[in-house]
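A.B. asks: Let me see the structure of the following:
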Amino acid sequence: MDLMAASAVLQISASMIKTAIHGPGRGKTYGSRALGILAIAALAAIVLMEVARWHRVDPLRDEKNTASELMRHSMEIIKKEKLKKGIPVDRHIDLNDTGIIGVEYTDITTTLGSLAAKRTSAHPAFAAVVVDMLDRAGVRPGDNVAVSFSGSFPALNIAVLSASKALRLRLAVISSIGSSAYGANQPDMTWLDMERILTEKGIFSCRSIAASLGGIPDTGGGLDGTGIGLGLDAIRRNGIPLIEESGHSTLVADVRRRMDLFDMAFDGKKPAAFINVGGALTSMGDGAESHRIPTGILKKVPPSRDPERGIIFLMDERGVPVIHLLRIKLIAAQYGIPFDPVSFPAYDSEEIRAAGRYSAPLAAAALVVMIALIVVTRNHGLARVADRSEPGWH
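C.D. replies: Predicted structure coming up:
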C-alpha cells in the first residue's frame, strides 16, 4: 500500500514538473501562474515523501534491536566455547574478534569462500536486515518459516535465528555440515555444534529437524577422504537425523525429500516464507537458471522447468516468498552496512530499512491534494479559453 501510493505520487509529480517545464501540450491551456503552482506542488510532494521516508519511526525498531543483540550475544557464546575447546580465534583472519570465522581449509571444507564476505556477515546488523526482509515478505508473528542452513555462513544462520525469535516465528530448519572456506569448517565446532550450544544456553529453542553432509560427497570429503567421517560424527554427536545425499547423482530425490520434510513439519501447510542461507545444491538446483537467482527478497525467481531445479524454485512455484542470503556484498550495499570493515561501527536499527519506506498516509494525502490541484488548474485554464472565445475579446 505505501509503495503503490508513493509510486503514484512520484509519477504524478514528475508529470506535473514536465508540464511546467515544457508546457501543457497541444490542446491544453494553463497559465504561467498555474504552471508555477503545479511545479511547486510537485517538488514539495517529492521532498516531503523523501524526508518522511527516512525520518518516520520504524515500527520494527524494537524487534530489529532485539535481533541484533541476540546475534551479538550468540557470537560471544560461540567464541567462548571455541576457546574452552582449545580452538583459537585468529585475529589476523577474524579482524573483529567475533569468534564466528573459521579457517581457510579443513577436511569438511567444500569450496572456496570469500573471507571478506564472511567477516562482513558477522555484523550484528544482519539480524536486523533479516527482520526487515521477513516483514517485507509479509511474514507475521507466529508464522511458519522453512529454512535451509549450510555451514558456510554461520553468522547469517544466527542472524536468521535471532530475527525469527524477535518476530516469534516457528521454524523448520534443515542444515548441512559442509562449509566453504572460513565458514563453520572446524570439525570440532561445526554449524550443528553451534546450534546445539546456543540451544543449551537457552538463547534459541530451534534445532535442525534433519542434516546432511552437504557438499562433502561431491568433493570426496577432503584430500584424504576423512571429511565424510568427520561430518557424520558431527551429525551423530548432535543428535540430528541424517539425510543421506549423494550430490548431483541424487539431486531430484534429495530436493523432494527436503520438501517433504518441510511439509511434515508444518502438517502440510504452506510456510509463510522460505529462507536459504548459502549456495546449497539442493536449494539452488543444477539448472542453468540457478546461476541467475538474485539475492535478498526474491520478487521474481527465474522460471525453470528443469527437473533438477532446487527448493527455491519449488517454493516460488507454490507461491511462497523466498529470501536468499548470498552475495553478501550486494546485501550490505543495499542496507548501508560497511563491507569488510576493520571494526564494526555503531549503528541504529533505523538505518536498516533498505532504502527506507514511504509513509502510506502521507502518500495518500499528497495524492489527493495533487489530483485536486490538477483538476483546479485545468478547469481554470479551460475557463480562460472560454473567456477568450467571447465576442469582443479581440
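
A.B. asks: hey, let's count contacts and neighbours off CA atoms from now on
C.D. replies: OK.

A.B. asks: how close does Gly215 get to Ile240?
C.D. replies: 18 Å (CA to CA, to the nearest Å).

A.B. asks: for Glu69, same thing?
C.D. replies: Noted for Glu69: a distance of 27 Å to Ile240, by CA to CA.

A.B. asks: Specify which residue of the two has the higher count of neighbours.
C.D. replies: Using other CA atoms under 10 Å as the criterion, Glu69 and Ile240 rank with Ile240 on top: 19 against 16.

A.B. asks: which regions of the stretch 1-150 of the chain sit below the pLDDT cut-off?
C.D. replies: 1-39, 42, 46, 49-56 (pLDDT under 70).

A.B. asks: what do you get if the cut-off is 90, keeping everything else the same?
C.D. replies: 1-59 (pLDDT under 90).

A.B. asks: in it, which spans are strands?
C.D. replies: Applying DSSP state E, counting those that start in this stretch to the stretch 1-150 of the chain gives strands spanning 144-149.

A.B. asks: Sketch out the helices for it, chain order is fine.
C.D. replies: 2-22, 32-55, 61-84, 115-121, 125-136 (DSSP state H, counting those that start in this stretch).

A.B. asks: And the residue nearest the centre of this structure?
C.D. replies: Centre of the chain computed as the mean C-alpha position; nearest residue by CA atoms, centre = their mean is Gly296, 3.8 Å away.

A.B. asks: Identify the bridge partners of that one.
C.D. replies: Gly296 has these beta-bridge partners by DSSP bridges: His324.

A.B. asks: Surely it touches Leu325?
C.D. replies: Yes. Under the criterion of CA atoms under 8 Å, Gly296 makes contact with Leu325 at 5.7 Å.

A.B. asks: Count residues in the vicinity of the closest residue to Ala137 other than its chain neighbours, would you?
C.D. replies: Excluding the flanking residues, the one nearest Ala137 by CA to CA, 6 or more residues apart in numbering is Pro321, at 6.1 Å. Pro321 has 26 neighbouring residues, counting by other CA under 10 Å.

A.B. asks: try Leu314
C.D. replies: Based on other CA under 10 Å, the number of other residues close to Leu314 is 18.

A.B. asks: Confirm it sits in a strand?
C.D. replies: No. Read with DSSP: H, G, I helix; E, B strand; the rest coil, Leu314 is helix and lies in no strand.

A.B. asks: Mind pulling the model confidence for it?
C.D. replies: The confidence metric pLDDT takes the value 96 at Leu314.

A.B. asks: With Lys80 as the reference, measure out to it.
C.D. replies: For Leu314 relative to Lys80 (CA to CA), the value is 39 Å.

A.B. asks: With Glu200 instead?
C.D. replies: Taking CA to CA, one finds Glu200 at 14 Å from Lys80.
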